[in-house]
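Participant: next one to model:
(chains A and B)
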Amino acid sequence: MFRVSANPVIDTVTKLVTVAIGMFAFVFVVMVPLYDVLCDALGINGKTSGQAYTAIQAGVDESREITIQFVATNNDGMPWEFRPSVTAMKVNPGASNDTVFLARNPLPKDMVAQAIPSVSPSRAAEYFHKTECFCFNNQPLEGGGSVEMPLQFIIDQDLPSDIRTITLSYTMFDITDMTNGAVAAR
Amino acid sequence: MGDHHHGPAKGLSRWLFTTNHKDIGTMYLWFSFAMFILGGAFAMIIRAELFQPGMQLVEPAFFNQMTTLHGLVMVFGAIMPSFVGLANWMIPMMIGAPDMALPRMNNWSFWILPPAFLLLASSLFMEGGAPAFGWTFYAPLSTTYAPPSVTYFIFSVHVLGLSSIMGSINIIATVMNMRAPGMTYMKMPLFVWTWLITAFLLVAVMPVLAGAVTMMLMDIHFGTSFFSAAGGGDPVLFQHIFWFFGHPEVYIIILPAFGVVSQIIPAFSRKPLFGYDSMVYATASIAFLSFIVWAHHMYTVGMPIAGELFFMYATMLIAVPTGVKVFNWITTMWRGALTFETPMLFSIGFLVLFTIGGFTGLMLSIAPADFQYHDSYFVVAHFHYVMVAGAVFSMTAAVYYWLPKWCGRMYNETMGKTHFWISFIGFNVTFFPQHFVGLAGMPRRIPDYALQFADFNMMSSIGAFIYGASQILFLYNVIATIVAGKPISDEKVWDGAEGLEWTVATPAPYHTFETPPKIDPTHAHS
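Facilitator: Prediction:
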């Protein structure tokens, strides 16, 4: 690959500069995507899948009940009122469950928000399937408006038996600046 | 060809335009000493504030700027350039080369450093103050919550990185291409070996640091979200990238120090270095391992148990090659004809204190225990034992060891030994108590603390003032030597010293080894 130059010093330098540039590129094109892939694969940070889950027909496990707790938090500086309609519910693995989260924009201006989910314990993340979630899309809300945001989920029957309580936490971020305040969409 | 034997140019242009490795080495050394004093001044402010509980002297925001700048200036301004300066001075003389392979780039890599630090230091006077997010500049402290001066900080880090990369490319090119005939790799002095490996580490990880600060820049100014959860990024990603750079970085700092003591201990033991080959392999092993242990700095972020275990065992593994080195240094001294001149005192001080720092490092490597130690003063004590008693002590030893060669004058031995003992006592009084306050729960980077930590903090502050003052003695001794030291002309300043640098005249002429020296093929490494 490297042309053997008449000057061995230039040869060494060329190789080393290539390594340096390669390492700079490595950060952007390898480390960042690899981090996301690993977090998804290992369920680190309680990251649940960002995609809707297609339910597989399977029986409901009536033998055990799992307590699901809901937590809603605003990111720093986010003025919305944001809360779950119920703070906890008991569900059977395999059954489809519905709940809603409530949000209100108290400011007179139109805003766009994005909810980021996190599951605790993080081990449970891969067994927490969302068939519908407001976190898949960003949420526009006109000034003073309020909205009920649906969440539909299934707990996998394969959930380890020692997990009896799962906490699903959402943090609401203000992304108005990033989306140019496009409330009209949707 | 007589033209080649000219001396240095006169006046300021000698220093601005020089391509001479000795001139550039000298500039690096003086620059790093100036940064050492600056970073030391920041440390004195920190210790003065912590002398007593409660807020006495500075505002908390300014205190945070001091801890941040102290770390940045000491790591990037004092320790790293000092060893680059030493490499510039010594590597060509140790391998029998007339100069560095790329003398003009050498000039550049030095002269972009002072502007970079001027940029960084000028942020102190900017609105919002200097960076205050710690030398590790974790996002989002360094992005969402950073002062506006963070952009200057980012540019400064870019320039520092560029300087380091150019410097290390130069060192690798020199060592690989300019060795005198017969100077095989396994005959190179260990200082050259450790620097060669360090330079490879630098070329590999300084671009990673540049990538991290570039991402910060983009997050702050160009609307990306590498480290912001709002846009789908993750602040923990920053920690992974930073420490992927940061852990090799700590070996970048310490490996040349290993090289220095590997030169000095044999000289004053009047024995060849014990286990030269194993030293080379140990250095290479440490360099390799440094790439797979980064997450031991972040055990508490919430990694899977398998990750914690992997990074724990990999980290503990580093104790093996490091133990080989400590064993070899001690065995070199075993039954040697020891004398205890200042360079040897600093080297032995290094050996004892670095080993203590290594042990606390092992304690920190234990993931479950680290949850208690994390971000406490125990960590501060640990890394000052390896950074100060490791890198700075060995650098001080190097200056005393080679200064007579550089300037042809002998330093004042009594003053040197006094400097050592004051440093040694001051250092330990400063940092040993910090283990205790750390284990008792005092967090790092705070301007105020609970009353039960008061006594140990007062001891720490007194020790810091002693250690700081001893550096003025050092400065005085060096200047007094250069200006009015006792002239010497022996080529071998120290009777036990080995190596090509001791075969040239004293003081070292402006140009050395313009014709390559003859290397005795039967003679082992120096």
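
Participant: and residue 68, what does it touch?
Facilitator: Using chain A here. A:Ala88, A:Met89, A:Lys90, A:Val91, A:Asn97, A:Phe153, A:Ile155, A:Thr165, A:Ile166, A:Thr167, A:Leu168 (Cβ atoms under 8 Å, 6 or more residues apart in numbering or on different chains). No exception for glycine: its C-beta is placed from N, CA and C like everyone else's.

Participant: oops, chain B please
Facilitator: B:Ala130, B:Pro131, B:Ala132, B:Phe133, B:Gly134, B:Trp135, B:Phe137.

Participant: grab the nearest non-local neighbour of the closest residue to chain B within chain A.
Facilitator: In chain A, the residue that lies nearest chain B is A:Val27 (3.1 Å; Cβ to the nearest Cβ). In space, and not counting its chain neighbours, A:Val27 is closest to B:Gly211: 3.1 Å by Cβ to Cβ, 6 or more residues apart in numbering or on different chains.

Participant: A:Phe24 is in contact with that neighbour, correct?
Facilitator: Yes. Contact status for B:Gly211 versus A:Phe24: in contact at 5.4 Å, counting by Cβ atoms under 8 Å.

Participant: care to break chain A down by domain?
Facilitator: A:8-42, A:49-179 (automatic domain parsing).

Participant: for chain A, which residues score under the pLDDT cut-off?
Facilitator: A:1-5, A:43-52, A:54-58, A:180-186 (pLDDT under 70).

Participant: and it, which residues reach chain B?
Facilitator: Listed as neighbours of chain B in chain A under the rule Cβ under 8 Å from any Cβ of the partner chain: A:8-9, A:12-13, A:16-17, A:19-24, A:26-28, A:31-32, A:35, A:39, A:42, A:44-45, A:75-76, A:114, A:116, A:122, A:171, A:173-175, A:177-178.

Participant: run the last query once more with 6 Å
Facilitator: Residues of chain A lying close to chain B by Cβ under 6 Å from any Cβ of the partner chain are A:8-9, A:12-13, A:16, A:19-20, A:23-24, A:27, A:31, A:35, A:42, A:116, A:173, A:175.

Participant: show me these that map onto helices.
Facilitator: Judged by DSSP state H, the subset of the residues of chain A next to chain B located in helices is A:Pro8, A:Val9, A:Thr12, A:Val13, A:Leu16, A:Val19, A:Ala20, A:Met23, A:Phe24, A:Tyr35, A:Leu42.

Participant: just the buried ones from these?
Facilitator: A:Val9, A:Thr12, A:Val13, A:Leu16, A:Val19, A:Ala20, A:Met23, A:Phe24, A:Tyr35, A:Leu42 (16 or more other Cβ atoms under 10 Å in any protein chain shown).

Participant: can those residues go into a markdown table with extra columns for distance to B:Gly39?
Facilitator: Below are these laid out as a markdown table (distance: Cβ to Cβ, whole Å):
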| residue | distance to B:Gly39 |
| --- | --- |
| A:Val9 | 35 |
| A:Thr12 | 34 |
| A:Val13 | 32 |
| A:Leu16 | 30 |
| A:Val19 | 30 |
| A:Ala20 | 27 |
| A:Met23 | 28 |
| A:Phe24 | 28 |
| A:Tyr35 | 33 |
| A:Leu42 | 40 |
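
Participant: which single one of the residues you listed is nearest to B:Gln471?
Facilitator: Closest to B:Gln471 out of these is A:Ala20 (34.4 Å), distances taken as Cβ to Cβ.

Participant: if I pick the closest one, what's in contact with it?
Facilitator: A:Ala20 sits next to B:Ile165, B:Val203, B:Pro207 when contact means Cβ atoms under 6 Å, 6 or more residues apart in numbering or on different chains.

Participant: hang on, the earlier thing: helix or strand for the residue nearest to A:Val27, just tell me which one.
Facilitator: helix B:190-221 (DSSP states H and E).

Participant: any low-confidence regions in the stretch 151-300 of chain B?
Facilitator: Looking at the stretch 151-300 of chain B by pLDDT under 70, you get an empty list.

Participant: what is the neighbour count of residue 151?
Facilitator: Using chain A. When neighbours are counted by other Cβ atoms under 10 Å in any protein chain shown, A:Leu151 registers 22.

Participant: um, chain B though
Facilitator: 16.

Participant: give the buried residues for the helix or strand it falls within.
Facilitator: Mapping B:Thr151 onto the secondary structure by DSSP H and E places it in helix B:150-177. Going by neighbour count (16+ other Cβ under 10 Å), the buried part of helix B:150-177 is B:150-177.

Participant: could you do stretch B:294-309 as well?
Facilitator: B:Trp294, B:Ala295, B:His296, B:His297, B:Met298, B:Tyr299, B:Met303, B:Gly307, B:Glu308.

Participant: nearest to chain A, of those residues?
Facilitator: B:Met303 (7.0 Å).

Participant: got a pLDDT number for that closest one?
Facilitator: At B:Met303, the model reports a pLDDT of 85.

Participant: does it sit in a helix, a strand or a coil?
Facilitator: coil (DSSP: H, G, I helix; E, B strand; the rest coil).

Participant: once you drop chain neighbours, what's closest to it?
Facilitator: In space, B:Met303 is closest to B:Ala295, 6.4 Å off (Cβ to Cβ, 6+ apart).

Participant: can you tell me how far the one you found is from B:Ile241?
Facilitator: 11 Å (Cβ to Cβ, to the nearest Å).
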